[in-house]
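K.L.:
model the structure of this input:
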Amino acid sequence: MPSRILYDVETEEIVRCQPEPTGSAGMPCKWALCKSARIPQPQQSKMSTVDIDYEVLTSQAKNELRIIDGQVFDKPKVSLELDKKEVEHKEEINVKVSLTDTLESDDFEAVEFNIGEQQVELDIGENELIFEDEGEYSITLTDNRFKPMTSVQVVVDG
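P.N.:
Residues are numbered from 1 along each chain as shown. Next up is the predicted model:
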């Protein structure tokens, strides 16, 4: 069942996504999607729609899809590889950040994460993290340019 995506033309941000209703009703028009998304009248001229061939709701569309030049693409997927070692009484963790499902035109250099309570930007490729305090740390993707991923737990021993 197809879906219609409403997006902001300037930012290419997905605002709303609605599958085709069952029965005789057709796809929702741009105006109906704007009304459903509570877009004020003056901003509706900055909105556009694009159709996709499968059923998806707004939250899933925002998490998994992106709009580039009016076309819909999957967001890239981030993966992490961890290699832990102890150096001078400190835990050193080598974190390799990899991306899949990218486009040729993509130019990502880094990805934003929370590590514990701290916001960090890790480069694509090899990164070295040093943990001075023991404990359990959660590495959580916060960069919405990518598909969500499950947090990675790191245990630092004393």
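K.L.:
host element of the nearest residue to Asp83 once chain neighbours are set aside?
P.N.:
Take Asp83 and drop its neighbours on the chain: the residue closest to it by CB to CB, 6 or more residues apart in numbering is Asn94, 4.3 Å away. (Each C-beta comes from the backbone N, C-alpha and C, glycine too.) Using DSSP states H and E, Asn94 falls within strand 90-100.
K.L.:
let's verify Val154: helix, strand, or coil?
P.N.:
strand (DSSP: H, G, I helix; E, B strand; the rest coil).
K.L.:
just give the nearest non-adjacent residue to it, would you?
P.N.:
Tyr137 (4.5 Å).
K.L.:
tilt between the helix or strand that the one you found is a member of and strand 90-100?
P.N.:
Secondary structure assigned from DSSP H and E places Tyr137 in strand 135-141. Calculated by axes from the mean of the first three to the mean of the last three CA atoms, to 10 degrees, strand 135-141 forms an angle of 20 degrees with strand 90-100.
K.L.:
show me how far strand 135-141 is from its chain's centre.
P.N.:
18 Å (CA atoms, centre = their mean, to the nearest Å).
K.L.:
contact partners of it?
P.N.:
78, 80, 95, 111-116, 131, 148-149, 151-156 (CB atoms under 8 Å, 6 or more residues apart in numbering).
K.L.:
that one vs strand 152-156, what angle?
P.N.:
Using the same axes, to 10 degrees: strand 135-141 against strand 152-156 is 150 degrees.
K.L.:
which of the residues in strand 135-141 are buried?
P.N.:
137, 139, 141 (16 or more other CB atoms under 10 Å).
K.L.:
same question for stretch 30-38.
P.N.:
Taking 16+ other CB under 10 Å as the criterion, stretch 30-38 shows 33-34 as buried.
K.L.:
next: stretch 5-22.
P.N.:
In stretch 5-22, counting by 16+ other CB under 10 Å, buried: 5-7, 14-19.
K.L.:
got it, and stretch 85-98?
P.N.:
Applying 16+ other CB under 10 Å to stretch 85-98 flags 91, 93, 95, 97 as buried.
K.L.:
now stretch 138-154
P.N.:
Buried positions in stretch 138-154, judged by neighbour count with 16+ other CB under 10 Å: 139, 141, 146-148, 152, 154.
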